[in-house]
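**Q** Pasted the sequence and its predicted model underneath.
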Amino acid sequence: MENSKNTGKIIVSLVLGALAGAALGLLFAPEKGSKTRQKIADDAEKMANDFKKKVKRQAKGLKKSMKEEAMALKNKAAKLENYVENKVEKEMATLKNKAETLLHMNSDHTVK
């Protein structure tokens, strides 16, 4: 979970840096307004596409991580289930033996 927070901070930092760079570029651009507007539109489209690619990559990584965590949790649950089943079976066998012993002892002391 911490990794996804760091990734989010990195993405936001990259976007803000790109915006700041674009703003500075516009302030110092010696081109006509129509060329500057076209350049802004092209740069905005490129940044949007780059951002989409980064988000998709991060989402893919997060999905993979979630699958791995889910599989690990599933394995732990299966191990716990086996452990509990074995414990219950052993306890049932012990109780059965005790009950048979008590029944046997009781049958020995019964008046015939």
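**A** Done, it's in.
**Q** alpha carbons only for contacts and neighbour counts from here, please
**A** Fine.
**Q** Tell me the helices and strands packed up against whichever strand or helix holds Asn86.
**A** Under the criterion of DSSP states H and E, Asn86 resides in helix 33-109. On a contact count with 3 or more Cα pairs under 8 Å, 6 or more residues apart in numbering; DSSP states H and E, helix 33-109 meets helix 2-27.
**Q** So what's the gap between the helix it packs on and the chain middle?
**A** Computed by Cα atoms, centre = their mean, to the nearest Å, the separation of helix 2-27 from the middle of its chain amounts to 24 Å.
**Q** pLDDT below threshold where in the chain?
**A** Applying pLDDT under 70 to the chain picks out residues 1-4, 26-27, 29, 31, 108-112.
**Q** before we move on, back to that, tell me the angle the helix holding Asn86 makes with helix 2-27.
**A** Computed with axes from the mean of the first three to the mean of the last three Cα atoms, to 10 degrees, the direction of helix 33-109 lies at 180 degrees from that of helix 2-27.
**Q** sec struct for Pro30, please.
**A** Judged by DSSP: H, G, I helix; E, B strand; the rest coil, the three-state class of Pro30 is coil.
**Q** From Gly17, how far out is it?
**A** From Pro30 across to Gly17, the span is 22 Å (Cα to Cα, to the nearest Å).
**Q** For the helix holding Asn86, what is the distance to the chain centroid?
**A** Put simply, helix 33-109 sits 9 Å off its chain's centre (Cα atoms, centre = their mean).
**Q** Geometric centre of this protein: which residue is closest?
**A** With distances taken as Cα atoms, centre = their mean, the chain has Met66 as the residue nearest its mean C-alpha position (3.0 Å).
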